[in-house]
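# What shape does this take:
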Amino acid sequence: MSGFTKVTLFSVEEANRTVAELRPDLERLAAMKREFDQLGSRADALSLALSGAAADNPDAAELKRVTERRDALAEQMLMGIEGIQRRGCLVKDIARGLVDFYSLSGDRLIFLCWQLGERAVDHWHTLEGGFAGRQPLDSTERG
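Numbering: from 1, shown residues only. Model prediction:
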């Protein structure tokens, strides 16, 4: 087995079609991430409350439930991310629903970039540039 990963290249049109298909999954993942974070805050608070408390403290049972739900959400999020990435795109931030698609600009490999709330894939950045380096596609690139 080689150490190379197959890269799927997307045109802007293909990325937009994929976004339309993935939008519900990304919205679901973003909601799971919000719940996961809220449960983490609750678990932290319960852990502090339980410091030095008796084992039969009711907060201990709640902490167990919160931890189990959080673990289940983590597993569901991981499976969701893997399912999306099997399609050839990269999930960069599930809270924002941020996804990158490998593409070519001339002879240069770039990322087409999209996030929840955007109408279409209208931005790109270099592989090293990340979200902060996003630039709008010019009208000829939008397809």
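
# Could you check how many residues crowd around the residue nearest to L50 when sequence neighbours are not counted?
Using Cβ to Cβ, 6 or more residues apart in numbering and skipping the chain neighbours, the partner closest in space to L50 is D59 (5.4 Å). To be clear about C-beta, it is placed using only N, CA and C from the backbone, and glycine gets the same treatment. Neighbour count of D59, defined by other Cβ atoms under 10 Å: 15.

# Tell me if I am right that D59 is in a helix.
Yes. Counting by DSSP: H, G, I helix; E, B strand; the rest coil, D59 is located in a helix.

# ok, now how distant is it from D44?
12 Å (Cβ to Cβ, to the nearest Å).

# Equivalent analysis for D107, please.
49 Å.

# what about these two, which has more around it?
D44 (12 against 5).

# Now name the helix or strand holding that one.
helix 12-50 (DSSP states H and E).

# what's the spacing between the residue most central in space within the chain and L50?
The centroid of the chain falls nearest to I94 when counting by Cα atoms, centre = their mean (2.5 Å). Distance of I94 to L50, given as Cβ to Cβ: 29 Å.
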